[in-house]
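In: no sequence on hand, only this structure:
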């Protein structure tokens with residue numbers, strides 16, 4: 001996925017979240033917002049999966065599982081919250097999801113906030129995008 005494609009899909013997810021937040025407002029539990037996001041993404045025709053189980057590995061052994069709220073277009077991890085304020089631990093959790101899935105980008109969205117301010121979190125340790133690597137090799141060849 002190219003940078004532009006990441007920007008497009010994250011922009012669409014953020015737009016969906018804003019519509020959900022505008023309609024429902026703050027005050028519901030996280031699962032309500034997850035369900036509403038699923039409805040919105042489905043209506044938009046954006047592929048997604050909910051509550052994706054992701055194995056956590058240590059020394060080539062599975063030691064646990066994460067559950068992603070949403071995995072959009074097979075590439076963007078979306079972590080939904082309904083908390084008073086986003087804390088560094090929430091960002092750390094999303095980063096751990098990104099590392100476990102080897103995905104490049106995640107969105108942290110807090111629906112309890114009066115004003116929605118989604119955060120894009122980048123995973124610097126994600127494997128390089130094969131399409132980008134091919135273009136760099138071709139350019140430098």
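Out: Now that the structure is in, tell me what you want to look at. Quick caveat, the model's predicted, so the values are computed rather than measured. Residues are numbered from 1 along each chain as shown.

In: quick one: secondary structure of residue 71?
Out: The three-state label given to residue 71 by DSSP: H, G, I helix; E, B strand; the rest coil is strand.

In: check what pLDDT it gets.
Out: Looking at residue 71, its pLDDT reads 97.

In: cool, residue 129 as well?
Out: With respect to pLDDT, residue 129 scores 67.

In: so where is the protein shaky, pLDDT-wise?
Out: 129-141 (pLDDT under 70).

In: which residues of it fall in helices?
Out: Here the chain has its helices, by DSSP state H, at 3-24, 30-44, 88-101, 130-140.

In: who's in contact with the third one?
Out: Under the criterion CB atoms under 8 Å, 6 or more residues apart in numbering, residues 54-57, 66, 68, 71, 77, 79, 81, 83, 103-106, 108, 110, 119, 121, 123, 125-126 lie in contact with helix 88-101. In short, each C-beta sits where N, CA and C put it, glycine included.

In: how about 6 Å then?
Out: The contact list for helix 88-101 (CB atoms under 6 Å, 6 or more residues apart in numbering) reads 54, 56, 66, 68, 77, 79, 106, 108, 121, 123.

In: distance of the second one from residue 48?
Out: The reference is to residue 56. Remark: distance between residue 56 and residue 48 (CB to CB, to the nearest Å) = 22 Å.

In: and the two? which has more neighbours close in?
Out: A direct count of neighbours by other CB atoms under 10 Å for residue 56 and residue 48 places residue 48 higher, at 20 against 14.

In: and the more buried one, what are its bridge partners?
Out: For residue 48, the beta-bridge partners under DSSP bridges are residue 72.
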